[in-house]
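A.B. asks: Here is my input, please return the structure:
(one chain, ligands or ions: 1)
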Amino acid sequence: MELNDLTIAEMQDGLRARKFSATELAKAALAAADRAKVMNIFITETHERTLAMAAESDQRFAKGMARPLDGVPVAMKDLFCTKGVRTTAASHILDAFVPTYESTVSANLWRDGAVLLGKTNLDEFAMGSSNETSFFGPVENPWRKLGDARSRVPGGSSGGSAAVVAARIAPGATGTDTGGSIRQPAAFCGIAGIKPTYGRCSRWGIVAFASSLDQAGPMARTVRDCAILLQSMAGYDAKDSTSADLPVPDFATAITGDIRGLKIGIPTEYRVDGMPAEIAAVWDRGAQWLRDAGAEVRPVHLPMTKYALPTYYIVAPAEASSNLARYDGVRFGLRVPGTGDLTGMYEATRGEGFGKEVRRRILIGTYVLSAGYYDAYYLKAQRVRSLIARDFQKAFEQVDALLTPTAPSEAFARGEKSGDPISMYLNDVFTVPASLAGIPGMSVPAGLSGNGLPLGLQVLGRAYDEETVFRVAGVLEQAAAFAAKPEPWWVKP
Ligand code: GLN
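C.D. replies: So this is what the prediction gives:
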């Protein structure tokens, strides 16, 4: 077996049994990254640091002092600040920003021995569902439609992280999810990914998009690998006032394979108009797998679902407009002098530094927060957000978890939606409600479409009950037995 094909759990076993070293794993990952350059997965590569961290892991193995993730290569979404390593948020305005501090989530991974494998590409400031808004150019999905050599999007915004795992370059990567950015790219690339409960992972040192929604989480090929990574990433952090001061359960042991007696809800309102038959079919199949495993599956109602997208696309831009006000050419990153006076410098810097989608969000956000429209839009959206959260609370009085598709489509072709923001936003229809409610959601690969592209199923759970989410996801994963791999067209013979 190739080293790059191993899961994180298998790497941990092999490293402990001295079948291979951390350095060998790191070299295999770096070589795979070199072969895959056409996919544009990395914004910044970190060869030297990768090898240095692997060497430190090997030393700890030699001394019998290995830590839980020692030697496991993990790619970092380039939204996590990494000390001394450029962190761009895929934006021109930050393209020369080298943080002097480390995000808490990445620091937790390094504390446990993980090895940094580069900074992955994303939509600019994590705004997007296709990775096409990156200043550094789009990422290509390793998967292609059967008989069609056109590029497919990997989803977004954590598209580079999804592609790096699907292409078997790294066994795991970090993502962030504000409205679906872990779950939707995981679905598009045929891997697993979990957005934990808001507050489970610290947001400290993550470039902020919409602070009341942003949440970090792992992306990997298996449910167990996601549990292993989340174990390390999660935990209370005094530096983030919204971080939850709760013990972190043992996520991997929650994957028991036994869901007998669990109640699973199928939200009727998620059967949206125009849903492709294949998506409906994979959803029905998923429900049957859970029934076969002994769960009780029943319909539930989330009547506010249809308001989730408009609510999200008010709340997220509002928070973004406020968060992105800090990029003024004075304190961070790019400065363009413009006409020379202060206002001219602000305008020139922001006009040049932000891409089109980011500018659109700042304008929408500023508008909905403006004195004349605040009540009509922002306040109203906040109220609806509470109602959406209440929908979930009520549903979770009847059931232990919910099952939905992750996205309403397979990975679309590059350029297919980038000219039409509304159709792009509609792709988030199944992921956004859980973000607004702050509850955990996980995408698991469930099968291939008729076009040979991956489809994902989403499991939603109660706040701070990632354990049930993992348990249900583990059963789906077993039933789906998703073993397909993308054809490595990017490797030249
Ligand atoms: N696609 C959504 C957006 O564009 C979600 C992005 C995210 O979760 N970061 O806002």
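A.B. asks: Just the CA atoms of stretch 484-493, as CSV, please.
C.D. replies: Only the C-alpha atoms of stretch 484-493 are listed here, as CSV (Å, rounded to 0.1, in the frame of the first residue of the first chain):
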residue,chain,number,x,y,z
ALA,A,484,-14.2,5.1,-5.3
LYS,A,485,-11.1,7.3,-6.0
PRO,A,486,-10.6,10.0,-8.5
GLU,A,487,-8.6,9.0,-11.6
PRO,A,488,-5.2,10.7,-11.1
TRP,A,489,-5.3,12.6,-14.4
TRP,A,490,-3.0,15.2,-12.8
VAL,A,491,-0.1,12.8,-12.6
LYS,A,492,1.9,12.9,-15.9
PRO,A,493,3.2,9.4,-16.8
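A.B. asks: Could I get the buried residue list for it?
C.D. replies: Buried residues in stretch 484-493, counted by 16 or more other C-beta atoms under 10 Å: P486, W490. C-beta: built from backbone N, CA, C; applies to glycine.
A.B. asks: can I assume R60 is in contact with G113?
C.D. replies: Yes - using C-beta atoms under 8 Å, R60 makes contact with G113 at a distance of 6.8 Å.
A.B. asks: Which residues are in contact with each of the two?
C.D. replies: Common contacts of R60 and G113 (C-beta atoms under 8 Å, 6 or more residues apart in numbering): A66, R67, D70.
A.B. asks: Find the nearest non-adjacent residue to the last one, please.
C.D. replies: Using C-beta to C-beta, 6 or more residues apart in numbering and skipping residues adjacent in sequence, the residue nearest D70 is G113, 3.2 Å away.
A.B. asks: which residues does the one you found contact?
C.D. replies: Residues in contact with G113 (C-beta under 8 Å, 6+ apart) are S57, R60, A66, R67, P68, L69, D70, G71, V72.
A.B. asks: between the shared contacts of R60 and G113, which is closest to A244?
C.D. replies: R67 (23.8 Å; C-beta to C-beta).
A.B. asks: Next, the closest one: phi, psi?
C.D. replies: phi -100, psi 170 (degrees, to the nearest 10).
A.B. asks: distance of the closest residue to it other than its chain neighbours from L69?
C.D. replies: In space, and not counting its chain neighbours, R67 is closest to G113: 3.6 Å by C-beta to C-beta, 6+ apart. Distance, G113 to L69, by C-beta to C-beta, to the nearest Å: 5 Å.
A.B. asks: All the strands of the stretch 201-350 of the chain, in order from the start?
C.D. replies: Ranges of strands in the stretch 201-350 of the chain, per DSSP state E, counting those that start in this stretch, are 215-220, 263-267, 296-300.
A.B. asks: between those, which gets nearest to the ligand?
C.D. replies: Smallest distance to the ligand across the strands of the stretch 201-350 of the chain (C-beta to the nearest ligand atom): 8.9 Å, for strand 215-220.
A.B. asks: Tell me which other helices or strands the closest one touches.
C.D. replies: Applying 3 or more C-beta pairs under 8 Å, 6 or more residues apart in numbering; DSSP states H and E, one finds that strand 215-220 makes contact with helix 159-166, strand 172-177, strand 192-195, helix 223-233.
A.B. asks: where does the stretch 251-400 of the chain come near the ligand, residue by residue?
C.D. replies: Counting by C-beta under 6 Å from any ligand atom, the residues of the stretch 251-400 of the chain close to the ligand are A316.
A.B. asks: Distance-wise, check the closest residue in space to I228 that isn't next to it in sequence relative to the ligand.
C.D. replies: Leaving out its chain neighbours, the residue that sits closest to I228 by C-beta to C-beta, 6+ apart is I8, at 5.3 Å. Look at I8 and the ligand: by C-beta to the nearest ligand atom, to the nearest Å, they are 24 Å apart.
A.B. asks: so where's the stretch 1-150 of the chain uncertain?
C.D. replies: Residue ranges of the stretch 1-150 of the chain with pLDDT under 70: 1.
A.B. asks: how about the strands of it, start to end?
C.D. replies: Going by DSSP E, counting those that start in this stretch, the stretch 1-150 of the chain shows strands at 42-44, 73-77, 115-120.
A.B. asks: I'd like these written out as CSV, with mean neighbour count and distance to A480 added.
C.D. replies: Formatted as CSV, the strands of the stretch 1-150 of the chain follow (neighbours: other C-beta atoms under 10 Å; distance: least, C-beta to C-beta, whole Å):
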stretch, mean neighbour count, distance to A480
strand 42-44, 21, 29
strand 73-77, 31, 24
strand 115-120, 28, 26
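A.B. asks: just so I know, which of those strands lies nearest the ligand?
C.D. replies: The closest of the strands of the stretch 1-150 of the chain to the ligand is strand 73-77. By C-beta to the nearest ligand atom, the value is 9.9 Å.
A.B. asks: and the angle for the closest one with strand 172-177?
C.D. replies: Counting by axes from the mean of the first three to the mean of the last three C-alpha atoms, to 10 degrees, strand 73-77 lies at 20 degrees to strand 172-177.
A.B. asks: List the contacts of strand 73-77.
C.D. replies: For strand 73-77, using C-beta under 8 Å, 6+ apart, the contacting residues are 25-26, 29, 41-42, 50, 54, 82, 106, 109, 114-120, 122, 158, 160-161, 164-165, 169-176, 229.
A.B. asks: for the record, mean pLDDT for stretch 383-397?
C.D. replies: Mean pLDDT, computed over stretch 383-397, is 98.
A.B. asks: mind listing what's buried in that stretch?
C.D. replies: Residues V384, R385, I388, A389, D391, F392, A395, F396 are the ones in stretch 383-397 that count as buried (16+ other C-beta under 10 Å).
A.B. asks: The third one belongs to a helix?
C.D. replies: Yes - assignment of I388 by DSSP: H, G, I helix; E, B strand; the rest coil places it within a helix.
A.B. asks: Numbering from 14 from now on, please.
C.D. replies: In the new numbering, first residue 14, that becomes I401.
A.B. asks: and it, what does it touch?
C.D. replies: Counting by C-beta under 8 Å, 6+ apart, I401 touches L315, M317, T318, Y320, A321, T324, P446, L449, A450.
A.B. asks: tell me the contacts of the third one?
C.D. replies: The reference is to T318. By C-beta under 8 Å, 6+ apart, the contact set of T318 is P280, E282, Y283, I401, D404, P446.
A.B. asks: State the distance from the residue of the stretch 264-413 of the chain found nearest the ligand to S335.
C.D. replies: Closest to the ligand within the stretch 264-413 of the chain is A329: 5.4 Å, counting by C-beta to the nearest ligand atom. The gap separating A329 from S335 is 11 Å, by C-beta to C-beta.
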